[in-house]
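1. got a predicted structure plus its sequence, pasted below:
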Amino acid sequence: MNTTALVMMVSAQVIILGLTFYFYRKVLTSPKREEPDSYSENDDDE
Amino acid sequence: MASNQDSWGTRVGLILAMAGNAVGLGNFLRFPVQAIQNGGGAFIIPYLVCFLLMGIPLLWVEWSMGRFGGARGHHSTPFILDSFDKRRFWKYLGVFGIFTNIVVAAYYCYIESWTMSWVYHTVAGTFDGKSQEEVAGFFGKYVNLDKSFTGIPYEPVVFYVICLALNTFILSKGLSGGIERVAKIFMPLLVLFGIFLAYKGITLKAGEEGALFDGTLGLNFLWEPQFTSLGDLNVWLAAAGQIFFTLSVGMGTVHCYAAYVKKKDDIALNAMTAGWTNEFVEVLLGASILIPISVGYLGIDKVVELTQTGALGLGFKTMPFLFEQWGDVVGTFAGVAFFGLLFFAGITSSLAMGSPWIAFMKDEFRFSQNTASWTFGLVVLALGLPTVFFFNYGVFDEYDYWVGTVALVVFALTEIILFSWVFGLDKGWKEITSGADIRVPIIYRSIIRYVTPVMLIVVFLGSLITPAGGDWQEAFGMLFSGEGWPLADGSIFAKLSNQDIRNNLTAAIASGDTEQVTFLENKLLYVNGSRIFLTAVYLMICYLVYKAYRNRNKEGRISS
């Protein structure tokens, strides 16, 4: 691969991968809302 | 109140289901082919710009419209749109959010059934020892219903019915018990299969396993930037179109899934996470499989030639032959991984397409999940069989063009005007940011209000009058010199007048090819028949919405 193509590919991939991980991390670390929320996973935990 | 009390199990489950809705066959087949047809690496810059200026805004708008409607007991777009304004005509435009899904599901499930069938034939060894022409011939015979390869009569119909029945069965299990569970299993599997195939593609070496070139030659072609083509309107239109289709915006599925999110819960971060997951699958995996492998074996010129007829040819007619070069075990595993990955991508999208119909029947006619799901299956079967039996007469392409392409843009334009201009962006912005776990950049207020609608209008006008050969400069030159506007066969106006079929018919008559003349005359009949049929389906859903509205009126359930 030539340098410009490699730079282009790696930059796009790093940005996309970085943002995807960043958003998933944010989802997993955001504090949960009080029940009743939109998700049934903790509905029996009252 | 509506009886539709379904809910998502987990937040990650919702995000994966929403990402599964967006990730489809197009991520692996359409994206790389679009990139190749639009100058290789030149494509990625407009593509990412369109994602930021059109894709993300539409995702936020659709998520917030869905949540807003859901809070008022509406889980499908006719009454979601109705709840945004006092004028009552919006609900008939909202019909697009049901119509598009059942029609697209009808032909999409057919492609999905090919992936099931190709997995079966890979394992059964149907492609073993066949030349590239023979594998391509297999596809032709399959869609012609000419020959059964399994001994089952009308094999494609059987696979189609099995695929549709599987979709319907999963839908009958509800949001968390069906759709979410499937997304949680299939999305990680899709990524794993994708990583395996991308690794094989990138590490392909010339002279090894029958490859003529390194896999990186394909990557180089795809990623080498050609900055001059940033001034080419066609590249921008193609990039905007790809962003549109890859995110499944303008369909009504995002609204439907988001309608089960409560007002205090986040949508801004969820939308970003699902959207960027789609980009991860498309740009990192989708760009690293089809092109590196096919260029490695066939070279750039041959791949460019093969993609002239679209992406399906390269995927279904060529890839099985290329995988065969990797030997019995690895080749079979690669074939199963590739078509399995396409199946996972397809089914997570087709399940989303079933949701608006089911939600509508549950909300308005008090159907149970089970009954609503099986009515969806039957409706889609009735709509889909013509695409199977009359595939060669262009019925499949008509569905794809008018509903899978044009209707999406029309609906997206409708919803963004309703959201940012009629409902008002002040209220709209509050909807987007309410409960948000991220700070939504304030610049998106202006983007949603001005930039995205303008981009959608340009995309729509661009498809309405696309000039022949995509040469806008020459077309304007001809227009001003009084020669008229040369329409491309794929433009909306040319499609309406059946320009391509009529030109071919004239040529066939001139050459005295009676067989071709009969075929084209029949094709014209089927094409026009499909359009009348699709219009009738739209009007029938409008009638259902009208009946539902009358019921709501009687029960005092009309919002705003």
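-> That came in fine, so what should we check first?
2. how about stretch B:241-260, does it reach chain A?
-> Yes: if you take CB under 8 Å from any CB of the partner chain as the test, stretch B:241-260 does meet chain A, through residue B:260. For glycine as for every other residue, the C-beta is placed from the backbone atoms N, C-alpha and C.
3. what lies in contact with the lowest-mean-pLDDT helix or strand in chain B?
-> Lowest by mean pLDDT, DSSP states H and E among the helices and strands of chain B is helix B:311-312, with a mean of 76. With contact meaning CB atoms under 8 Å, 6 or more residues apart in numbering or on different chains, helix B:311-312 is reached by B:26, B:29, B:30, B:32, B:33, B:111.
4. now with 7 Å?
-> For helix B:311-312, contacts defined as CB atoms under 7 Å, 6 or more residues apart in numbering or on different chains pick out B:29, B:30, B:33.
5. just say helix, strand or coil for residue B:73.
-> Three-state assignment for residue B:73 (DSSP: H, G, I helix; E, B strand; the rest coil): coil.
6. count the residues that sit near it.
-> Residue B:73 has 18 neighbours, counted by other CB atoms under 10 Å in any protein chain shown.
7. confidence score at it?
-> Here the pLDDT value assigned to residue B:73 is 93.
8. and it, how close does it get to chain A?
-> Distance from residue B:73 to chain A, counting by CB to the nearest CB, to the nearest Å: 15 Å.
9. one more: residue B:287?
-> To chain A, residue B:287 is 8 Å away according to CB to the nearest CB.
10. quick one: residues contacting that residue.
-> Counting by CB under 7 Å, 6+ apart, residue B:287 makes contact with B:31, B:32, B:222.
11. of the residues you listed, closest to chain A?
-> Nearest to chain A out of the contacts of residue B:287 is residue B:222 (CB to the nearest CB; 7.9 Å).
12. in which helix or strand does the closest one reside?
-> Residue B:222 is part of helix B:215-223 when elements are defined by DSSP states H and E.
13. what about the one residue in the stretch 401-550 of chain B that gets nearest to chain A, which SS state?
-> The nearest approach of the stretch 401-550 of chain B to chain A comes at residue B:437, 4.3 Å away (CB to the nearest CB). Recorded secondary structure, residue B:437: coil (three-state DSSP).
14. counting neighbours, what do you get for the nearest residue to residue B:114 once chain neighbours are set aside?
-> Ranked by CB to CB, 6 or more residues apart in numbering or on different chains and with sequence neighbours excluded, the top spatial neighbour of residue B:114 is residue B:316, at 6.2 Å. Look at residue B:316: counted by other CB under 10 Å, it has 23 neighbours.
15. just the pLDDT for the residue nearest to residue B:262 when sequence neighbours are not counted.
-> Leaving out its chain neighbours, the residue that sits closest to residue B:262 by CB to CB, 6+ apart is residue A:38, at 4.5 Å. Residue A:38 carries a pLDDT value of 89.
16. same question, residue B:153
-> Looking at residue B:153, its pLDDT reads 66.
17. any idea how far residue B:20 is from the nearest residue to residue B:470 once chain neighbours are set aside?
-> Closest residue to residue B:470 apart from its sequence neighbours, by CB to CB, 6+ apart: residue B:234 at 4.4 Å. Per CB to CB, to the nearest Å, residue B:234 is found 31 Å from residue B:20.
18. more crowded one of those two?
-> Using other CB under 10 Å as the criterion, residue B:234 and residue B:20 rank with residue B:20 on top: 31 against 18.
19. excluding its backbone neighbours, what's nearest that one?
-> The spatially closest residue to residue B:20, leaving aside those adjacent along the chain, is residue B:348, at 2.8 Å (CB to CB, 6+ apart).
20. pretty sure that neighbour sits against residue B:186.
-> Yes: in this structure, residue B:348 is within contact of residue B:186 by CB atoms under 7 Å, at 5.7 Å.
21. neighbour-wise, which of the two wins?
-> Using other CB under 10 Å, the more surrounded residue of residue B:348 and residue B:186 is residue B:348, with 25 against 22.
22. next helix or strand past the least confident helix or strand of chain B?
-> Once helix B:311-312 ends, the next helix or strand along the chain (criterion: DSSP H and E) is helix B:319-324.
23. other residues contacting that following helix?
-> Outside helix B:319-324, the residues that reach it (CB under 7 Å, 6+ apart) are B:118, B:122, B:127-128, B:130, B:132, B:135, B:293-294, B:297, B:331, B:334-335, B:338.
24. now do the following helix or strand past that helix: which elements does it pack against?
-> Using DSSP H and E, the helix or strand that directly follows helix B:319-324 along the chain is helix B:328-365. Packing contacts for helix B:328-365, counted by 3 or more CB pairs under 7 Å, 6 or more residues apart in numbering or on different chains; DSSP states H and E, involve helix B:11-22, helix B:25-28, helix B:96-124, helix B:155-172, helix B:181-202, helix B:253-258, helix B:319-324, helix B:369-389.
25. what residues are up against residue B:178?
-> B:170, B:171, B:172.
26. report the rounded mean pLDDT for stretch B:212-232.
-> Summarised as a single mean, pLDDT over stretch B:212-232 is 87.
27. now residue B:95, nearest residue through space, not along the chain?
-> In this structure, residue B:95 finds its nearest non-sequential neighbour in residue B:541, 4.8 Å apart by CB to CB, 6+ apart.
28. what's around that neighbour, how many residues?
-> Close neighbours of residue B:541, defined as other CB under 10 Å, add up to 21.
29. next structured bit after the helix or strand where residue B:79 lies?
-> Following DSSP H and E, the helix or strand that holds residue B:79 is helix B:77-82. Next in sequence after helix B:77-82, counting helices and strands by DSSP H and E, comes helix B:90-93.
30. what's near enough to touch the residue nearest to residue B:20?
-> Residues near residue B:348 by CB under 7 Å, 6+ apart: B:20, B:21, B:23, B:182, B:183, B:186, B:187.
31. by neighbours, which of those residues wins?
-> residue B:23 (35 neighbours).
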